[in-house]
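A.B. asks: 3D model of this:
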Amino acid sequence: MSDIKSLGYVKIQTNDIDRWRTFAFDVLGFAKGTGPDPSALYLRMDERAARIVVAPGETDEIVTVGWEVRDGPALLRVQETLQSAGVGVKQLPQEEADARRVEEAITFCDPTGTTIEVFHGAVLDHSPVIAPFGARFITGAQGLGHVVLPATDPNAAVDFYTDVLGFLSRGAWRLPAPPEFGPVRIRFLGVNERHPAIDVFSFLGPLAVKQLHDCGLAVLGSRIGLLCDNDFLAPLHTGLASLGANVKTFDSVAAVHPGAWDAFVVALQPTDAPRVGQAEAAHLAACAPDGAVVVQFWGDIDRAVLAANGLAIWPAHSVGQGHMGILLSEIGPEPIIRLQTGGLRAAEWVRRGGAVTEDGFAQLVPWPEVI
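C.D. replies: Presented below is the predicted three-dimensional model:
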């Protein structure tokens, strides 16, 4: 396995910084980070000072890609591996490491000509992340999703990343090309459990929309209180808002304020007790007008106390403890296929020696002893 564990940051150069500013903050909805270069844009999405830095320049291109390792010994191993392969490696000066908000870093060029940095010890910024559209960074320690590196010699680039840096193949797409060029492929490589073919979260928004339609509520123009304290938040918010709902997010029932709510979508992490019990039901009833419906997406609710407080409930049938209120199959077979693929991917990750953590992609579930 590679000592590189995730894609930590990317620096981009642009000849139109104002256009990037509008795109980053007003369209994509990044939070505004800070950094030492007053002319650059620091795009923040989590506790890192900036995951993407955009600096003014003469051309539009990626200028630096930063890969993260666990600690100093891991960084040393990567450095020694590169030197053994004949790659010229330099220690990043402390001033430049400080500018990137990392403890230590090395730098070199890959076969595509891209400047690569490998680092450890990212400095964390615990101030609130103020994203204008409520977006959240949902991949945590897995880092950024991906970076595309154009290569004039793709085979050399693939050999470097797999044989030297220890990346794993994630498949390829074959592109249409004239016969004289031979097979032309885009190859996918990875260092952790992220995989481009596995994406179940993008179906969460359509699932919530279907629940609202099934209970007789039109999404367009509806006032939705989204109660969510987990990684479902961003895809649920996007799915509802993109179809015209007026969505306000809350990370707990207690945070809900009075308003002309048409529905509350409950997507709260299950616990031993119902996430919506007597006190929570009374609070929701006090905050909502008559006719508001509580939609159980995920997280257990006490249906009896909700009904006693005059709130409608969907789905009409009881949902098993810890289960979702709607099945993936309600919107077709593809979510099921991707979910099963994800399970196989998790098994592959464990089989290859990948880390198994409480909040990770792969978790070992104790199997109760049968007597």
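A.B. asks: Could you pull out the strands in the stretch 1-150 of the chain for me?
C.D. replies: For the stretch 1-150 of the chain, the strands identified by DSSP state E, counting those that start in this stretch occupy 4-14, 31-32, 41-44, 52-56, 61-69, 90-91, 102-109, 115-122, in order along the chain.
A.B. asks: Ok, the stretch 251-371 of the chain next?
C.D. replies: Secondary structure of the stretch 251-371 of the chain (DSSP E, counting those that start in this stretch): strands located at 263-267, 293-298, 312-314.
A.B. asks: what does the second one rub up against?
C.D. replies: For strand 293-298, the external contacting residues (C-beta atoms under 8 Å, 6 or more residues apart in numbering) are 207-208, 211-212, 215, 217, 232, 236, 262-270, 276, 284, 301, 306, 311-315, 319, 324-326. Every C-beta, even on glycine, is put in place using the N, C-alpha and C of the backbone.
A.B. asks: try the shortest one
C.D. replies: Residues from elsewhere that reach strand 312-314 (C-beta under 8 Å, 6+ apart): 211, 214-215, 291-296, 301, 303, 306-307, 325.
A.B. asks: average pLDDT across that strand?
C.D. replies: Taken as a whole, strand 312-314 has a mean pLDDT of 96.
A.B. asks: quick one, phi/psi of residue 224?
C.D. replies: In this entry, residue 224 is assigned phi and psi values of phi -110, psi 130 (degrees, to the nearest 10).
A.B. asks: so it bridges to which residues?
C.D. replies: The partner list for residue 224 in beta bridges (DSSP bridges) reads residue 247, residue 263.
A.B. asks: burial count for it?
C.D. replies: By the measure other C-beta atoms under 10 Å, the count of residues near residue 224 is 23.
A.B. asks: how many other residues sit next to the closest residue to residue 133 other than its chain neighbours?
C.D. replies: With C-beta to C-beta, 6 or more residues apart in numbering as the criterion, residue 133 has its nearest non-adjacent residue at 3.7 Å, and that residue is residue 29. The tally of other residues near residue 29 (other C-beta under 10 Å) stands at 13.
A.B. asks: All further residue positions should be reported with the first residue as 838.
C.D. replies: Sure, I'll start counting at 838 from here, so that last one is residue 866.
A.B. asks: ok now do residue 866, which residues does it touch?
C.D. replies: Residue 866 makes contact with 968-972 under the criterion C-beta under 8 Å, 6+ apart.
A.B. asks: And residue 994, by the same measure?
C.D. replies: The neighbours of residue 994, taking C-beta under 8 Å, 6+ apart as the test, are 947-949, 986, 988.
A.B. asks: Pull the residues that contact stretch 1076-1084.
C.D. replies: 970, 1041-1046, 1049, 1056-1061, 1063, 1074, 1102.
A.B. asks: can you rerun that using 6 Å?
C.D. replies: 1042-1043, 1045-1046, 1056-1061, 1063, 1074 (C-beta atoms under 6 Å, 6 or more residues apart in numbering).
A.B. asks: buried set for the lengthiest helix in the chain?
C.D. replies: The helix of greatest length in the chain, counted in residues with DSSP state H as the criterion, is given as helix 1171-1188. Within helix 1171-1188, the residues scored as buried using 16 or more other C-beta atoms under 10 Å are 1172, 1175, 1179, 1182-1183, 1186.
A.B. asks: What of stretch 1126-1135?
C.D. replies: When burial is assessed from 16+ other C-beta under 10 Å, stretch 1126-1135 yields the following buried residues: 1129-1135.
A.B. asks: Widest-spaced pair of the residues you listed?
C.D. replies: Among the buried residues of stretch 1126-1135, the pair separated by the greatest distance (C-beta to C-beta) is 1129 and 1135, at 19.1 Å.
A.B. asks: Number of residues surrounding residue 903?
C.D. replies: For residue 903, the count of nearby residues is 25 (other C-beta under 10 Å).
A.B. asks: Please tell me how far it sits from residue 936.
C.D. replies: Taken as C-beta to C-beta, to the nearest Å, the spacing of residue 903 relative to residue 936 amounts to 12 Å.
A.B. asks: so where's this structure shaky on pLDDT?
C.D. replies: Applying pLDDT under 70 to the predicted model, the residue ranges of the chain that meet it are 838, 973, 975-978, 1030-1036, 1186, 1191-1208.
A.B. asks: Helices of that one, start to end?
C.D. replies: Under the criterion DSSP H, helices of the chain are mapped to 854-858, 909-921, 931-936, 991-996, 1041-1051, 1070-1078, 1115-1124, 1140-1145, 1171-1188.
A.B. asks: Quick one: those helices as a markdown table, columns for distance to residue 889 too.
C.D. replies: As requested, the helices of the chain are exported to a markdown table (distance: least, C-beta to C-beta, whole Å):
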| stretch | distance to residue 889 |
| --- | --- |
| helix 854-858 | 10 |
| helix 909-921 | 22 |
| helix 931-936 | 15 |
| helix 991-996 | 22 |
| helix 1041-1051 | 24 |
| helix 1070-1078 | 17 |
| helix 1115-1124 | 38 |
| helix 1140-1145 | 43 |
| helix 1171-1188 | 26 |
